[in-house]
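Trainee: take this sequence and fold it.
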Amino acid sequence: MDINIILTYGVLLLSVISTWTKFKLFNKIPIWLLFLTISFVLAITFKRASYLSLIYTLIFGFSVYYNYQQKNILLFFLVLALSIPLFFHLPIIDFNNYKYLHNISLTSHSSPYNLYFNLDKTLIGIFIIAFGFEYKKIEVLPILKLFVINLLLMVVIFFILAIVLGYSKFEPKLPSFSPVWILTNLFFTCIAEEALFRKLIQQKIYDSLTGRFAIITSILVASVTFGLVHFKGGISYMILASLAGVFYGYIYYKTKRIESSILLHFTFNLTHFLFFTYPALK
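Mentor: So this is what the prediction gives:
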């Protein structure tokens, strides 16, 4: 792997991690913003992004910031609209994500798999987490208990369904690129998806509704939307993703912490990656 890739995405990784810190350079500049700026300079220098990408990112970042400052419904929909090109890696915003793996098969029964380092999608997680983050004490034991229960239920339910639907089967493995997959899936995928679907969409719907159906409605709408955006995986994958979203949404609601849904999402993905056909059967 070239040094330009390591530098660009390594600093981006530091930006994601530091969204959970209070540290500011000269008591003014958030450290996550400093790392993100350096990553973007490197990305433009090494042609992983352009000045158009930078302008789009600035517009998106300001939109997220003012959405959390003013809590205006129009700003919420603007953030959603601006998230679409980032989430789906649309070429119109001129990002050039690095392809680490190209059409490999992890097992003899698995469909071809590509692994990208996504700068565009990662921006969603960085801005939503950073601008919407609330510093409060973590209740470790209750969260851990909910996490274990939900993960066990998911593993049993989903992989029975996956086998019935012909989507996956038990195929344990430990690919040589596992450490890279872990870093990219956690920091560039799960954090971005949970920030968008749970912290932004589910939370906004819940805050906007009243009555006993607010919880169910917010979780279901966010979960179904989460399933629909995985349309490239086919009907079976959309169904499984929607059901997974219910678990992620439930643990987010119960704990009021995005970290819990990120952890559940990532651990479930890791279970799929290590023990079952990945990404799916041919």
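
Trainee: and Pro172, which of the three is it?
Mentor: Secondary structure state of Pro172, per DSSP: H, G, I helix; E, B strand; the rest coil, is coil.

Trainee: ok, now which ones touch it?
Mentor: Leu274, Phe275 (C-beta atoms under 8 Å, 6 or more residues apart in numbering). Quick note: C-beta positions are derived from backbone N, CA and C, even for glycine.

Trainee: against Leu243, how distant is it?
Mentor: To Leu243, Pro172 is 23 Å away according to C-beta to C-beta, to the nearest Å.

Trainee: now do the helices in the stretch 101-250 of the chain.
Mentor: Using DSSP state H, counting those that start in this stretch, the helices of the stretch 101-250 of the chain run over 119-132, 140-164, 178-184, 191-194, 203-208, 213-228, 235-255.

Trainee: output these as a markdown table; include the columns mean neighbour count and distance to Tyr113.
Mentor: Putting these into a markdown table (neighbours: other C-beta atoms under 10 Å; distance: least, C-beta to C-beta, whole Å) gives the following:
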| stretch | mean neighbour count | distance to Tyr113 |
| --- | --- | --- |
| helix 119-132 | 24 | 17 |
| helix 140-164 | 14 | 16 |
| helix 178-184 | 15 | 10 |
| helix 191-194 | 26 | 18 |
| helix 203-208 | 17 | 32 |
| helix 213-228 | 18 | 20 |
| helix 235-255 | 20 | 14 |
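
Trainee: quick one: which of those is nearest Ile6?
Mentor: helix 178-184 (11.1 Å; C-beta to C-beta).

Trainee: got the CA positions of the closest one in CSV?
Mentor: Backbone C-alpha positions of helix 178-184 (Å, rounded to 0.1, in the frame of the first residue of the first chain) are rendered in CSV as follows:
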residue,chain,number,x,y,z
SER,A,178,-8.9,-9.0,8.4
PRO,A,179,-7.2,-6.1,10.3
VAL,A,180,-7.8,-3.7,7.4
TRP,A,181,-11.4,-4.9,7.1
ILE,A,182,-12.0,-4.3,10.8
LEU,A,183,-10.6,-0.7,10.7
THR,A,184,-12.6,0.2,7.5
